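1. Okay, predicted coordinates and the sequence, questions at the end:
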Amino acid sequence: MPLIKDKEKESLRKEFSQKLVDDVRIMVFTQDVPCVFCNETVQVATELGDVSPKLKVEIYDFVKDQMKATELRIDKIPAIAVVGRKDYGIRFYGIPSGYEFNSLVGAIMDVSRGQSGLSQKTKDAMRMLDQPVHLQVFVTPTCPYCPSVVRLAHKMAIESDMVWADMVEANEFVPLAQKYHVTGVPKTIINDDFEVAGAVPEDLLVAHVLHAVHHIGPVQPR
């Protein structure tokens, strides 16, 4: 049974034909013994790949292709890396369903163009980053406020090589959500030690990121 309806595929086909510039690799990590929603994540990616010739879907086994997983910093599954002319550090952990399907579509278009679409003020602020930043945005598929934060985190990753950003579906990675005391979504974790609750606007998330890098130890750059 298709996960993307025909009407939605047709709409995406038209939008992608107008807005996609460079090819985009949709790199999916799963395993022989499927995890929860692994098969569905592969299906979503495959169905998306059929919508445009510019989308190249690659399926990897998390165990057998461990070198590739390590190269892309994939540490859990199901996972999707959205890669364009370069790897901007955009990741989806868990099936991008519900409201988060639009986050995946948006990331594909941004990566294809290689442009973040952030304000000039934000771009200038991002140039001030002198330490690597890892953003984890915890979401649920039914949260209407989550995609705005996911999209913002991914745009920041496109804008700066110092940033990589993950969407993490809280219900699929319960131990991780518990580790970061996720009791509501969206919740953004910056470099493991700093948190931002709620759907904050662009300038505020940037301010939190700049503040956080001066209070926590550096992590490995992209």
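-> Yep, that arrived.

2. which residue ranges form the helices in this structure?
-> 6-19, 38-49, 66-71, 100-113, 120-126, 146-159, 174-179, 202-212 (DSSP state H).

3. Quick one: closest of those helices to residue 26.
-> Counting by C-beta to C-beta, residue 26 lies closest to helix 38-49 out of the helices of the chain; the figure is 4.9 Å. Yep, even glycine has a C-beta here, placed from its N, CA and C like the rest.

4. I'd like the helices of the chain as JSON lines, with mean pLDDT appended.
-> JSON lines is the format used below for the helices of the chain (pLDDT from 0 to 100):
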{"stretch": "helix 6-19", "mean pLDDT": "97"}
{"stretch": "helix 38-49", "mean pLDDT": "97"}
{"stretch": "helix 66-71", "mean pLDDT": "97"}
{"stretch": "helix 100-113", "mean pLDDT": "98"}
{"stretch": "helix 120-126", "mean pLDDT": "95"}
{"stretch": "helix 146-159", "mean pLDDT": "98"}
{"stretch": "helix 174-179", "mean pLDDT": "97"}
{"stretch": "helix 202-212", "mean pLDDT": "94"}
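
5. Let's have those helices in a markdown table, adding distance to residue 81.
-> Shown next, in a markdown table, are those (distance: least, C-beta to C-beta, whole Å):
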| stretch | distance to residue 81 |
| --- | --- |
| helix 6-19 | 19 |
| helix 38-49 | 11 |
| helix 66-71 | 10 |
| helix 100-113 | 10 |
| helix 120-126 | 21 |
| helix 146-159 | 11 |
| helix 174-179 | 18 |
| helix 202-212 | 21 |
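
6. So the residue nearest to residue 2 when sequence neighbours are not counted versus residue 156, what's the distance?
-> Distances taken as C-beta to C-beta, 6 or more residues apart in numbering place residue 47 nearest to residue 2, at 6.3 Å, with adjacent residues excluded. From residue 47 across to residue 156, the span is 28 Å (C-beta to C-beta, to the nearest Å).

7. Which one of those two is surrounded by more residues?
-> residue 156 (28 against 17; other C-beta atoms under 10 Å).

8. and the closest residue to that one other than its chain neighbours, bridged to which residues?
-> Closest residue to residue 156 apart from its sequence neighbours, by C-beta to C-beta, 6+ apart: residue 163 at 4.9 Å. Legend: beta-bridge partners of residue 163 under DSSP bridges are residue 133.

9. So the protein: which segments form each domain?
-> 6-110, 120-212 (automatic domain parsing).

10. measure the residue nearest to residue 156 to residue 3 for me?
-> 30 Å.

11. same question, residue 161
-> 33 Å.

12. One more: residue 114?
-> Taking C-beta to C-beta, one finds residue 114 at 28 Å from residue 3.

13. for the helices of the chain, which one ends up most surrounded?
-> helix 146-159 (a mean of 25; mean count of other C-beta atoms under 10 Å).

14. Direction-wise, compare that one with helix 202-212 and give the angle.
-> 60 degrees (axes from the mean of the first three to the mean of the last three C-alpha atoms, to 10 degrees).
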